[in-house]
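*Asks:* from the sequence below, what's the structure:
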Amino acid sequence: MSTHLKVGEKLCQKCFASLSNVLDDSFDLERMDIKFEEQLNDDQFSNAAENISTPSIEEHLHVKQSAKEELNAVFMVLHMEKIRDDRRQKKIREQVDSVHRYMQYLCGLLEDKDFNEVIDPNPHSISINESNQILQGVKELFKQSTWQEQIHLMTIAPHNWGRIELSQWFGSTDHHAREAILLRQDQYVLAYPEYCRGNMTLAEETIVSVVQFYLQDGVSRISSNTKDVLKINGELVPVRFMEMPIREALRTFYEDNPTVKIGKSIFYCIRLRQVKITCPQDTCMCQVHENMYFLLQAGGFLMDK
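*Replies:* The predicted model follows:
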């Protein structure tokens, strides 16, 4: 049970002693005052920092009002409807696109020598933002294409673009940009390049698939002799022996990868160094026996001389 004391009330000696002990053990008024002052200073500092970092509402409204007045001034010159409601963003964007296209039309009149030709600044009837999204999609398609497809896509660039403009916009090399310009001049737009320097280079995926095929257990096996190792690029690699001829291995590769086109000579050249075509005669195909002599001796097939 707790009792609230008021000013002027008296306590007995026993209660006064117990109350003094509680105050001494539980309260530190000086420490509480210091802690409250520090907390108050921290709150004031954080509020001041927020006021400095974030712009005021009045400044934001002033910027929007200035932009509105400048747009209305441009619309007034072109006899267009003024901005009355800031929330009609789609309508405002359409008016801005119309102003941009009209400026392009006037610039075309200054540059074009044939004034009888009709100039259409928006032949596809789309907004500027939509056209920018389509162009960004073309760039993403270019990044995900092969080098032949990249040259194929670069032929759609404007005819007045040179090698530097073409390579900078698509993010390609100067060599590919030069090939795209020559391809468009010799043939037509969206033409595919033809490789006329002998055999075409293999794709990286084809090389990786052939290497992994050679390392399969059904195609080759690790030598039973633990000392049969080769040092390749500073690492000891165990020697493997082919379990089938190259022609049979190539036929098996065609069955496993029907979409990959590769010849026998290239298939043989991609073979790793540790994969041997022929195995020594004293090495058994079985993983248990040491060599062919021990196998014949264990089977009783060895004839006495």
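
*Asks:* give the next helix or strand downstream of the lowest-mean-pLDDT helix or strand in the chain.
*Replies:* For the chain, counting by mean pLDDT, DSSP states H and E, helix 29-53 ranks last in confidence among helices and strands (a mean of 54). Downstream of helix 29-53, the first helix or strand assigned by DSSP states H and E is helix 57-77.

*Asks:* just checking, what packs against that next one?
*Replies:* helix 89-111 (3 or more C-beta pairs under 8 Å, 6 or more residues apart in numbering; DSSP states H and E). Yep, even glycine has a C-beta here, placed from its N, CA and C like the rest.

*Asks:* show me which residues of the helix it packs on are buried.
*Replies:* 92, 95, 97, 99 (16 or more other C-beta atoms under 10 Å).

*Asks:* and for stretch 141-149?
*Replies:* Buried-residue list, stretch 141-149, by 16+ other C-beta under 10 Å: residue 142.

*Asks:* contacts for that stretch next, please.
*Replies:* 150, 152-154, 170-172, 176, 192-193 (C-beta atoms under 8 Å, 6 or more residues apart in numbering).

*Asks:* which two of these have the greatest separation?
*Replies:* Using C-beta to C-beta, those span at most 20.7 Å, a distance reached by 171 and 192.

*Asks:* buried sites along the helix or strand encompassing residue 140?
*Replies:* In this structure, residue 140 sits in helix 128-143 according to DSSP H and E. Buried residues in helix 128-143, counted by 16+ other C-beta under 10 Å: residue 142.

*Asks:* got the angle between that helix and helix 89-111?
*Replies:* Angle, helix 128-143 to helix 89-111, by axes from the mean of the first three to the mean of the last three C-alpha atoms, to 10 degrees: 80 degrees.

*Asks:* how many other residues sit next to residue 66?
*Replies:* Close neighbours of residue 66, defined as other C-beta atoms under 10 Å, add up to 10.

*Asks:* right, I mislabeled it, should have said residue 274
*Replies:* Using other C-beta under 10 Å: residue 274 sits among 19 other residues.

*Asks:* out of the buried residues of helix 89-111, who's nearest residue 263?
*Replies:* residue 97 (56.1 Å).

*Asks:* for the closest one, what are its contacts?
*Replies:* 122, 127-128.

*Asks:* and it, how far is that from residue 250?
*Replies:* Residue 97 is 60 Å from residue 250, where distance means C-beta to C-beta, to the nearest Å.

*Asks:* quick check: buried residues in stretch 185-204?
*Replies:* Neighbour count says stretch 185-204 has residue 193 buried, by 16+ other C-beta under 10 Å.

*Asks:* do stretch 72-82 as well
*Replies:* Counting neighbours by 16+ other C-beta under 10 Å, stretch 72-82 gives residue 75 as buried.

*Asks:* got the contact list for it?
*Replies:* Contacts for stretch 72-82 (C-beta under 8 Å, 6+ apart): 83, 95, 98-99, 102.

*Asks:* how about a markdown table for those residues, with distance to residue 56 and pLDDT added?
*Replies:* Shown next, in a markdown table, are these (distance: C-beta to C-beta, whole Å; pLDDT from 0 to 100):
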| residue | distance to residue 56 | pLDDT |
| --- | --- | --- |
| 83 | 23 | 84 |
| 95 | 30 | 85 |
| 98 | 34 | 83 |
| 99 | 31 | 85 |
| 102 | 37 | 82 |
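
*Asks:* ok, those residues vs residue 57, which is closest?
*Replies:* Checking the contacts of stretch 72-82 one by one against residue 57 (C-beta to C-beta), the nearest turns out to be residue 83, at 20.4 Å.

*Asks:* so who does that closest one touch?
*Replies:* 68, 71-72, 75, 92.

*Asks:* pipe those residues into a markdown table and attach pLDDT per row.
*Replies:* Formatted as a markdown table, the contacts of residue 83 follow (pLDDT from 0 to 100):
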| residue | pLDDT |
| --- | --- |
| 68 | 84 |
| 71 | 86 |
| 72 | 85 |
| 75 | 85 |
| 92 | 84 |
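
*Asks:* now those in a markdown table, with distance to residue 225?
*Replies:* A markdown table is the format used below for the contacts of residue 83 (distance: C-beta to C-beta, whole Å):
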| residue | distance to residue 225 |
| --- | --- |
| 68 | 86 |
| 71 | 84 |
| 72 | 89 |
| 75 | 88 |
| 92 | 81 |
